[in-house]
Structures are given as C-alpha cells and as structure tokens.
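Enquirer: turn this into a structure:
(one chain, ligands or ions: 1)
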Amino acid sequence: MGMSALLTAENLSFRYGGTPVLQDVTVRAEAGSMLAVTGPNGSGKSTLLHLLAGVERPSAGHVSRAPKTRVALLPQRTGDIDALPLTVTECVRIGRFTRRRLTRTDHTAVRLMMERLEIAHLARRRLRELSGGQRQRTLLAQTFLQEAEVYVLDEPTAALDAETRRRVHDLLIETVRDGAAIVVASHDNEESALASHSLRLGPGNGGSSTDSPVRRAFSR
Ligand SMILES: Nc1ncnc2c1ncn2[C@@H]1O[C@H](COP(=O)(O)OP(=O)(O)OP(=O)(O)O)[C@@H](O)[C@H]1O
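Expert: Sure thing, here's the model as predicted:
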C-alpha cells in the first residue's frame, strides 16, 4: 500500500556551468511525510530544493507534481524582498496571494499566524527594519499561510531562538499531520530527527569537477 507521492523528482542532475552539483538524485515527497535533506555546506541542498519547487530546471531528470499540487517555497536567501516598502503584515498577507480578495477568514488566519510566530507587535514595521530572526519569522508565517500541499523549506529555523524553533517544529509536525508533505534542508539534527525520511547529500564538489556527490537515502 504505497503512500501518494505529491511531488516526484527522478534522476535529477544539476550543474553550474561545468561544475556538477547534483547527480542522479531521486526524491519522493509523500502526503503526510517529512523529508530532511542534510549535508555539508555546498553539497547542493538549496539547489535540490529550488529544483523541487520549480525555480530552477534540472540539467537532466525531471520533477512532476500530482494534479492540483501547490508547492510553497521558503528560500534561504530572499534579499530582493527587503528592498520593497512592505510592512510585516503586508508581507505575511502575501501568503494568501492566490485569493482575489482576502476574506475575513484569511485575515483571521494571518492574525493567528502572526501571534503564533510572535510578530504581531511588529505588524507595521518595514522588512528592512527587522532583525534576522524577526525577518525569518515573517517569511515563515507567509509560507505557512499558503495552504500548499508541499512545503519546501530551506533551513527554516537557522536564524531562530530556541523557543521560536520549538514553535516552528510544532508547526511542521501539525502540517504533516494535516496531510501535507514537507521537504526541509537543515543542519540541525533535532530538526532532521522530526522527519520520516532523510536524504544526505555528499560533500560539495567545491569547484572541482571530478567527484560526484555521494547520496544516501534511508528511513529512520
Ligand atoms: N549561482 C551559482 N553559480 C555557481 N555556483 C553556484 C551557484 N549557487 C550555488 N553554487 C554552488 O553550488 C554548490 C551547491 O550550493 P547549494 O547552495 O545548493 O549548497 P547547500 O548544500 O545548500 O549549502 P549550505 O549548507 O551552505 O546552505 C556549491 O558548491 C555552490 O558554491
């Protein structure tokens, strides 16, 4: 009895110019599951997540989604958005961007998520006036409001204090329980231990084009 794969990536390879970053990586994101992507700096975690979310195209292999599957991406770096004159609330509301007009329910969801991630008091602040952790909370709120089937999260708690990290971990657990799939890149062992599966990417090629990354997929 197989679980339903919301997102399938088969035999993905990716190179920047001549440098291979990923070779022959296969990933399935199943409903109600969480996949942790681990590996050292430069091993290709962000690259893999970008391929899964469709913001980059693989050099070989392909990514497919089940019908009506929405993918929400929390990128590790989002410098551009800070240049916009957005307040915290406006940024969080973007999570409901697919709505033509926000309903009372949407506004309530925005408010509750802001309370949950403790950014309600920052509602009118501009993004560029936030600390790193406050900014990360804002982007997490925006991401989790998307009601996606698949959440692709790049080091979601790296900038967070211990208490907020716990809150986000609770959110991850709830999201999986609600039937979504999560793919999370992380250096935090506690975080990857929440996952039902993990994929370890090998040491990066670090500018050399000789070795291909070692991959190891296993279930806990
Ligand atoms: N735009 C780019 N052009 C060329 N090379 C790049 C580019 N972006 C990333 N790379 C290289 O691709 C490799 C994989 O980078 P990636 O960001 O996917 O690693 P990562 O595992 O997410 O690292 P970290 O743990 O540091 O976040 C690295 O060697 C990196 O230097």
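Enquirer: what's downstream of the helix of greatest length in the chain, the next helix or strand?
Expert: Identified as the longest helix of the chain according to DSSP state H is helix 162-177. Next along the chain after helix 162-177, taking DSSP states H and E as the criterion, comes strand 181-185.
Enquirer: helix or strand next in line after that following strand, which one?
Expert: Counting by DSSP H and E, the next helix or strand C-terminal to strand 181-185 is helix 189-192.
Enquirer: briefly note if that next one comes near the ligand.
Expert: No: Helix 189-192 does not reach the ligand (C-beta under 6 Å from any ligand atom); its nearest approach is 12.8 Å. Glycine gets a C-beta too; all of them are placed from N, C-alpha and C.
Enquirer: show me what that helix is packed up against.
Expert: If you count contacts as 3 or more C-beta pairs under 8 Å, 6 or more residues apart in numbering; DSSP states H and E, helix 189-192 packs onto strand 33-38, helix 162-177.
Enquirer: nearest to the ligand among those would be which one?
Expert: Of all the helices and strands packed on helix 189-192, strand 33-38 sits nearest to the ligand, with 8.2 Å by C-beta to the nearest ligand atom.
Enquirer: could you give the mean pLDDT of that closest one?
Expert: When pLDDT is averaged along strand 33-38, the result is 97.
Enquirer: cool, stretch 165-181 as well?
Expert: 97.
Enquirer: what does stretch 54-66 give?
Expert: 95.
Enquirer: can you give the domain ranges for the protein?
Expert: What automatic domain parsing lists as the domains of the chain is 1-70+150-159+178-220, 79-147.
Enquirer: got the phi/psi numbers for the residue nearest to G32 when sequence neighbours are not counted?
Expert: With C-beta to C-beta, 6 or more residues apart in numbering as the criterion, G32 has its nearest non-adjacent residue at 5.1 Å, and that residue is G179. Backbone geometry at G179, expressed as degrees, to the nearest 10, gives phi 100, psi 0.
Enquirer: quick one: G179 from R65, how far?
Expert: Separation of G179 from R65 (C-beta to C-beta, to the nearest Å) stands at 15 Å.
Enquirer: among the helices and strands packed on helix 189-192, show me which one is buried the most.
Expert: Per residue and on average, the most neighbours among the helices and strands packed on helix 189-192 fall to strand 33-38, with a mean of 23 (mean count of other C-beta atoms under 10 Å).
Enquirer: quick check: the residue nearest to S4 when sequence neighbours are not counted vs the ligand, distance?
Expert: Using C-beta to C-beta, 6+ apart and skipping the chain neighbours, the partner closest in space to S4 is A31 (5.1 Å). A31 sits 25 Å away from the ligand, taking C-beta to the nearest ligand atom, to the nearest Å as the criterion.
Enquirer: how about the contacts made by A31?
Expert: The contact partners of A31, by C-beta atoms under 8 Å, 6 or more residues apart in numbering, come to M3, S4, L6, E149, G179, A180, A181.
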